[in-house]
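J.: here you go, sequence then predicted model.
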Amino acid sequence: MLSTYNRFKYLLIIVILFSGLAIIPYSFAANCQFDKGFKPEITNLSFGTLYVPRDKPIGTTIYEYRADELANKGNVFYCDTRINTSWGYTAYKNADYNKDAIYESGVPGVGIRINTWGPGYGLDWLPRITNDPVSCDHAGHWYCGNTWGYLTIQLIKIAPTTGSGFVKSDQLIQARVNDRIVHTYRLGNTRIITKSCSLKDTNITVSMGDIKKSDFSGINSTAGGKDFEIILDCDDNVQIQLMLDGKKAKNRLNHVWALDQNYNRTTASGVGMQILYNNQPVIIHSQINIGNSYSGGKYSIPLRARYFQTDRNITPGQANATATMTLTYQ
């Protein structure tokens with residue numbers, strides 16, 4: 001009798017243990033599941049060909065894309081137990097830039113920043129995990145695209161000089177619930193081209209010499225004239241635009257610069273300064289299409305400065321004027 005009782009007790013314990021183990025996966029499958037018809041998707045991103053101006057400062061955003069393909073989805077996942085949701089699992093390496101969460105793009109001087117705007121994820125290094133994700137129903141059991149929210153993906157200038165080439169094609173980021181994949185973003189077919197020009201001299205002084213009152217013949221007449229040039233060193237096939245700014249001599253004269261006033265009251269009056277390009281007066285704060293650098297190298301923008309009579313009476317004195325130039329490259 002004793003041996004029979006012991007055998008029964010032993011078998012009962014085994015049954016209980018195995019029954020307990022069998023309950024665990026059944027419970028998980030019953031409490032957490034994808035919405036019927038939902039399938040994890042892959043979004044392939046391509047930013048095309050992007051041009052980076054050589055003279056843009058470090059930290060400049062070269063390109064930004066808003067990725068809301070997942071955020072726009074309805075119900076994704078049902079779960080009545082506590083879960084984690086996350087963004088992460090990038091194939092790109094960490095970049096060494098200002099301790100920010102920026103990743104190497106594969107092109108020198110260009111990094112990738114991935115901003116996750118869903119609640120609770122933050123902006124630190126990936127993966128970004130929240131233990132209390134936002135649900136999309138009153139009961140708190142359904143999770144939708146807004147649980148993860150949208151992304152902004154930025155290409156950032158992270159070095160004084162940038163290179164040219166293709167951004168590494170790879171997995172950019174992935175959204176998950178626990179360890180189950182919800183959505184994947186991949187990046188490919190993105191080319192960076194650094195095309196620009198650099199100024200030989202950032203400050204150009206034009207010596208106008210001495211001009212006599214008798215050189216003018218009345219209002220709107222001109223006198224003097226000095227040629228000068230803006231010299232650039234350009235990459236090949238760069239489209240160049242120039243804009244000159246400054247103070248107008250008079251409101252109606254948008255092509256005449258006012259003379260700089262000095263404190264000892266020795267500034268001339270009755271005249272202003274004109275700058276000519278292709279023998280035509282340059283309009284203040286108006287963009288000029290200069291041309292294309294084609295094969296690259298030295299590129300010269302020829303200009304001419306001259307005085308312009310604005311009033312009937314001219315008072316002799318210093319006649320200096322200042323123009324600020326802005327160069328745009330495409």
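T.: Structure received. Residues are numbered from 1 along each chain as shown.

J.: and the gap between Ala321 and Ala305?
T.: 8 Å (CB to CB, to the nearest Å). From N, CA and C alone the C-beta is placed, and that goes for glycine too.

J.: what of Glu229?
T.: 11 Å.

J.: can you list residues touching both of Ala321 and Ala305?
T.: Counting by CB atoms under 8 Å, 6 or more residues apart in numbering, the contacts common to Ala321 and Ala305 are Met273.

J.: quick one: the helices in the chain, in order.
T.: 2-31, 145-148 (DSSP state H).

J.: so what touches the shortest one?
T.: Spelled out, it's helix 145-148. Residues lying outside helix 145-148 but in contact with it, judged by CB under 8 Å, 6+ apart, are 70-74, 76-77, 85, 87, 116, 118, 121, 133-136, 175, 182-183.

J.: ok, 6 Å please
T.: For helix 145-148, the external contacting residues (CB atoms under 6 Å, 6 or more residues apart in numbering) are Leu70, Ala71, Asn72, Lys73, Thr85, Gly118, Pro133, Val134, Ala175.

J.: could you export that helix as CSV, CA atoms only?
T.: The C-alpha atoms that make up helix 145-148 are tabulated as CSV, following Å, rounded to 0.1, in the frame of the first residue of the first chain:
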residue,chain,number,x,y,z
GLY,A,145,0.0,53.8,-35.3
ASN,A,146,-0.1,56.8,-33.0
THR,A,147,1.3,54.6,-30.2
TRP,A,148,4.6,54.9,-32.0
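
J.: tell me the buried residues in it?
T.: Counting neighbours by 16 or more other CB atoms under 10 Å, one finds that the buried residues in helix 145-148 are Gly145, Asn146, Thr147, Trp148.

J.: all strands for the stretch 101-250 of the chain, in order.
T.: With DSSP state E, counting those that start in this stretch, the ranges of strands along the stretch 101-250 of the chain come out as 102-104, 110-116, 128-130, 142-144, 151-157, 165-166, 170-177, 180-187, 190-194, 197-199, 222-234, 239-245, 248-250.

J.: in its sheet, what does the fourth one sit against?
T.: Right, strand 142-144. Sheet pairing for strand 142-144, assigned by DSSP bridges, gives strand 75-79 (antiparallel).

J.: and the closest residue to Asn189 other than its chain neighbours, how many neighbours?
T.: Distances taken as CB to CB, 6 or more residues apart in numbering put Ser46 closest to Asn189, at 4.0 Å, once the chain neighbours are dropped. Using other CB atoms under 10 Å, the number of residues around Ser46 comes to 13.

J.: lowest average pLDDT across the helices of the chain?
T.: When the helices of the chain are ranked by mean pLDDT, helix 2-31 comes last with a mean of 36.

J.: returning to what we had before: I'd like to know which of the contacts of helix 145-148 are buried.
T.: By 16+ other CB under 10 Å, those give Leu70, Ala71, Lys73, Thr85, Gly118, Pro133, Val134, Ala175 as buried.

J.: need those residues in a markdown table (columns: pLDDT and distance to Leu155).
T.: A markdown table is the format used below for the buried ones among the contacts of helix 145-148 (pLDDT from 0 to 100; distance: CB to CB, whole Å):
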| residue | pLDDT | distance to Leu155 |
| --- | --- | --- |
| Leu70 | 97 | 21 |
| Ala71 | 97 | 21 |
| Lys73 | 95 | 26 |
| Thr85 | 96 | 26 |
| Gly118 | 95 | 22 |
| Pro133 | 95 | 29 |
| Val134 | 94 | 29 |
| Ala175 | 98 | 21 |
